[in-house]
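Novice: Sequence first, predicted model second:
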Amino acid sequence: MNNHPIGIFDSGVGGTSIWKEINALLPKENTIYLADSKNAPYGNKSEEQIVQYSIKNTELLLEKGCKLVVVACNTATTNAISHLRRNYGIPFIGIEPAIKPAALKSQSKTVGVLATKGTLTSNLFHSTSENHGNGIKIVEQVGTGLVPLIEGANVDSSETKVLLEKYMKPMLDEGMDHLVLGCTHYPYLIPVLKELLPEHVEIIDSGQAVARQTKAVLEQNGLRNSSHKIGKHHFYSNSDISTLKSFLGNVGIGMEISYLDF
Ligand code: DGL
């Protein structure tokens, strides 16, 4: 089992931001990545629909022999991970908006959270913000339209900048000093956000924490790959693979990208 791949899925290309952190920390692990771009965005779908997509993705990763699944999507984690954990006998790692570290570090006691509607309306997000947001003002903002722009490789477009400016304004007006990125697509917006935000605002994303958690859970379950070779990686998209390629950057040896209808 140790040589089996780690499965990773997202509604599209966003989870590659998580894949990069996992690969940097665990370079000997093999991985299989599913970009469900055909069904993106998940963020405006019903909980039931998000659970169905998550089941479909998980079952494909299990068919491909994955030993652990990383749900590299805040929307799928907050809506579906408890269902997945109840129904499949492998470990699951999820990602949620990192309210806790932001709340602990905030001087202004005001934290902004940019995430999808599906994440911000979920029960899991509400309980996390109640548990960790004590004494902190949490300014929530739905990032409507951002995921389709990123999926269309329009990260740098004027439309993206206009939307981000609009979404940052209420948070800045409330005095936020930490911005939590609650969607795995959003780390690709960091260069644009840095141009828009005052220097004192710190951007928090959870990619490295997810990679550390993946390592810890592999170790706890005796699932670390003992091979001395660099891992092999297969990326599947059910949409245009050129977008996925562009987000992966340097597609090195041992990395394959294919179209798959799933
Ligand atoms: N990457 C997903 C997330 O982290 C994007 C959600 C979407 O497809 O709307 O929430």
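Specialist: That came in fine, so what should we check first? Residues are numbered from 1 along each chain as shown.

Novice: Would you mind naming what in the stretch 51-200 of the chain lies close to the ligand?
Specialist: Within the stretch 51-200 of the chain, the positions lying close to the ligand (C-beta under 6 Å from any ligand atom) are 73-75, 116, 119, 147, 183-185. Where you see a C-beta, it was placed from the backbone N, CA and C, and this is true even at glycine.

Novice: out of those, who's nearest Leu84?
Specialist: Within these, the smallest distance to Leu84 is 11.8 Å, found for Cys73 (C-beta to C-beta).

Novice: which residues sit in contact with that closest one?
Specialist: Taking C-beta atoms under 8 Å, 6 or more residues apart in numbering as the criterion, Cys73 is in contact with 9-11, 14-15, 42, 95, 183-184.

Novice: For those, which two are the farthest from each other?
Specialist: Phe9 and Cys183 (14.5 Å).

Novice: And those two? Which one has more around it.
Specialist: Cys183 (30 against 27; other C-beta atoms under 10 Å).

Novice: pretty sure that one is in contact with Ala40, am I right?
Specialist: No - the criterion here is C-beta atoms under 8 Å, and Cys183 misses it with Ala40 at 11.1 Å.

Novice: Overlap in contacts, the two.
Specialist: With C-beta under 8 Å, 6+ apart as the test, Cys183 and Ala40 both reach Val147.

Novice: Ranking helices and strands of the chain by mean pLDDT, which lands last?
Specialist: Of all the helices and strands that make up the chain, the one with the lowest confidence by mean pLDDT, DSSP states H and E is helix 123-132; it has a mean of 91.

Novice: residues in contact with Ile230?
Specialist: Counted by C-beta under 8 Å, 6+ apart, Ile230 has contacts 27-28, 254.

Novice: contacts for stretch 194-208?
Specialist: Counting by C-beta under 8 Å, 6+ apart, 17-18, 20-21, 25, 95-98, 101-102, 105, 161, 164-165, 168, 172, 176-181, 184, 186-187, 190, 193 sit against stretch 194-208.

Novice: Could you give the bridge partners of Val70?
Specialist: Ile8, Ile93 (DSSP bridges).

Novice: which residues touch it?
Specialist: 6-9, 15, 18, 22, 92-95, 210, 214.

Novice: List the residues that contact Ile138.
Specialist: 99, 103, 111-113, 129.

Novice: can you tell me how far the closest residue to Ser17 other than its chain neighbours sits from Leu197?
Specialist: Spatially, and ignoring its direct neighbours in sequence, Ser17 is nearest to Pro187 (4.2 Å; C-beta to C-beta, 6 or more residues apart in numbering). Per C-beta to C-beta, to the nearest Å, Pro187 is found 14 Å from Leu197.
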